[in-house]
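Chemist: Okay, here's the prediction I keep looking at, along with the sequence it came from:
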Amino acid sequence: MNKSIVIIGGGASALMLASLLPKNRVTIVESNAKLGAKILVSGGGKCNITNSKMGEAYFLSNSDDKPTLSFVTDALKIFTEKNLLQWLERQNLVPVIRKDGQYFCQNSAKELLDIFLKECKRQKVLLNENVIEVSKKDELFFIKTNKQILKANIVVVASGGLSFPKLGASSIGYEIAKSFEHTIVNTAPGLVGFTVQKEQFFFKELSGTSTEVEIHVDDNLCKGALLFAHKGISGPSVLDASLYWKKGKVRIDFLPNFSWNNLKSSKKQISSLLPMPKRVTKAFLIQFGIEDKVASKLTSNELKQLESLNNYIFSPAGTFGYSKAEVTKGGVSTDEIDSKSMMSLKTDGLYFIGEVLDVTGRLGGYNFQWAFSSAFACSREIK
Ligand SMILES: Cc1cc2nc3c(=O)[nH]c(=O)nc-3n(C[C@H](O)[C@H](O)[C@H](O)COP(=O)(O)OP(=O)(O)OC[C@H]3O[C@@H](n4cnc5c(N)ncnc54)[C@H](O)[C@@H]3O)c2cc1C
């Protein structure tokens, strides 16, 4: 007899899993009125599906005692980025590759969601239904929702993390895990902007401008655009840096690859010379108390101050929080999950896939690849 399966959550990982399983085998329970809400807003509306550069180096745990996350390797091998692209191609979606190996939908994230919605027509979907708790008696799971109690032989928790509560995020996955004696690694907002302390309040006046930087958080280097925002700083390099930052200082190089050698002999204004938007250079000049003058007139002390832009020490006040974070760091500890099937090592028949686990990908399509690879690994086991 086929075992009945309930998937908690109707986001990226759940939709992939339900698409891979035979007809009428699954009940998806989703608290939103629609499936896949995050897919639609992802990647600026085009969904960064995966990346040509893949491997454990692009994934983090939020646990202090795990410098690398070898847990992800099995699932990433079972369903690689190439397997994903082939699977999508069979569904007539050929993602386009952009910079840094990132694959996006051609025109809109809806292209990906539509594939899942078509595939999931074969399964039972309960919308506007909130899972409240899960228990197990003998070999049967009881899934209590706000409307009924469902029974299943297998439960897959695909309820994601805490980020973007307006799109349905909740802590239910962690609560279920705890009720089955799983450990939760501390959670925090990830892929999120930094708020600023008093010394950097002038950043806020630069809102809307962006400049290429390199951010060092301990030994980790995050390159790309830094966007000055109303609340602080954001942009790809900052989002990536937020994955490594817990507290304390980060170091920003505002002028990576800029050579100071010819500056002393230049007849150009400093604000025209430095490779940053003029507005940004001028704001720093004001902070340093340096006049925007011909570069050759800079005193050696002033030059030294400007050179400090290669090594700008910045202590974030905090982050923009879960409401703006693309992901949640931390989650269900991977120490208690089988890496080949995603099954709980504590309770037979209970599985965790996607972001609810203590697995966070860097910026660039890694979080969807994880959602899909972990779903695929799980599907092989419960088919
Ligand atoms: C703005 C934004 C942009 C992003 N862009 C990208 C990108 O371009 N590339 C990338 O790789 N990643 C991106 N991400 C991250 C990516 O969306 C997530 O990592 C991924 O969706 C996780 O999949 P999941 O299935 O684990 O969880 P989710 O997709 O979050 O799905 C979980 C589902 O569970 C439901 N749920 C929660 N609680 C309950 C409950 N009690 N009962 C029933 N249902 C419940 C939720 O409503 C939700 O639909 C982005 C995230 C955001 C917020």
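Modeler: Happy to help now that I have it. Numbers count the residues shown, from 1 in each chain.
Chemist: Which one of the residues in the stretch 1-150 of the chain is closest to the ligand?
Modeler: Gly11 (1.9 Å; C-beta to the nearest ligand atom). Every residue, glycine included, has its C-beta placed from N, CA and C.
Chemist: May I have the phi/psi pair for that residue?
Modeler: Dihedral angles of Gly11 (phi, psi; degrees, to the nearest 10) stand at phi -100, psi -160.
Chemist: how close does it sit to Phe368?
Modeler: 10 Å (C-beta to C-beta, to the nearest Å).
Chemist: Repeat that for His216.
Modeler: Separation of His216 from Phe368 (C-beta to C-beta): 27 Å.
Chemist: quick one: which of these two has more around it?
Modeler: More neighbours surround Phe368 than the other of His216 and Phe368, with 26 against 16 (other C-beta atoms under 10 Å).
Chemist: Pull out the buried residues from stretch 33-45.
Modeler: Going by neighbour count (16 or more other C-beta atoms under 10 Å), the buried part of stretch 33-45 is 35-40, 42-43.
Chemist: which of those residues lies closest to Asn51?
Modeler: Asn51 lies nearest to Gly43 out of the buried residues of stretch 33-45, by C-beta to C-beta, at 11.5 Å.
Chemist: show me the contacts for the closest residue to that closest one other than its chain neighbours.
Modeler: What sits nearest to Gly43 in space, not counting adjacent residues and going by C-beta to C-beta, 6 or more residues apart in numbering, is Phe104, at 5.7 Å. When contacts are counted by C-beta atoms under 8 Å, 6 or more residues apart in numbering, Phe104 touches 43, 46-49, 95-96, 98.
Chemist: what about the residue in the stretch 251-383 of the chain that the ligand sits nearest to, distance to Ser4?
Modeler: Here the residue of the stretch 251-383 of the chain nearest the ligand is Gly354; by C-beta to the nearest ligand atom that distance is 2.3 Å. Gly354 sits 21 Å away from Ser4, taking C-beta to C-beta as the criterion.
Chemist: which one of those two has more residues nearby?
Modeler: Neighbours per residue, other C-beta under 10 Å: of Gly354 and Ser4, the larger number sits with Gly354, 31 against 17.
Chemist: Chain neighbours aside, what residue packs nearest to the residue sitting nearest the centre point of the chain?
Modeler: If you average the C-alpha coordinates of the chain and look for the closest C-alpha using C-alpha atoms, centre = their mean, you land on Val327, 4.1 Å from that point. Nearest-residue entry for Val327: Gly190, 4.5 Å, with adjacent residues in sequence omitted and distances by C-beta to C-beta, 6+ apart.
Chemist: what does the protein have sitting close to the ligand?
Modeler: Within reach of the ligand by C-beta under 6 Å from any ligand atom, the chain has these residues: 8-14, 29-32, 37-38, 41-43, 47-48, 130-131, 158-160, 163-164, 168, 170, 172, 326-327, 354-356, 365-368, 371.
Chemist: how long is stretch 206-219 end to end?
Modeler: When the termini of stretch 206-219 are compared using C-alpha to C-alpha, to the nearest Å, they are 28 Å apart.
Chemist: ok, Ile97 - contacts?
Modeler: Under the criterion of C-beta under 8 Å, 6+ apart, the contact list for Ile97 reads 52, 103.
Chemist: For it, give the beta-bridge partners.
Modeler: Using DSSP bridges, the beta-bridge partners of Ile97 come out as Tyr103.
Chemist: how many neighbours does Glu89 have?
Modeler: Neighbour tally, Glu89, other C-beta under 10 Å: 11.
Chemist: what about it, which helix or strand?
Modeler: When secondary structure is defined by DSSP states H and E, Glu89 falls within helix 81-90.
Chemist: hang on, the earlier thing: of the contacts of Phe104, which count as buried by neighbour count?
Modeler: The neighbour-count test (16+ other C-beta under 10 Å) marks 43, 46-49, 95 as buried among the contacts of Phe104.
Chemist: Out of those, list just those in strands.
Modeler: Helix and strand membership here follows DSSP state E; of the buried ones among the contacts of Phe104, those in strands are 48-49.
Chemist: okay if I get the buried ones among the contacts of Phe104 as CSV plus distance to Tyr244?
Modeler: As requested, the buried ones among the contacts of Phe104 are exported to CSV (distance: C-beta to C-beta, whole Å):
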residue, distance to Tyr244
Gly43, 22
Lys46, 26
Cys47, 25
Asn48, 20
Ile49, 24
Pro95, 28
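Chemist: now, which of the buried ones among the contacts of Phe104 sits nearest Ile149?
Modeler: For the buried ones among the contacts of Phe104, with Ile149 as the reference and C-beta to C-beta as the criterion, the closest is Cys47, at 35.0 Å.
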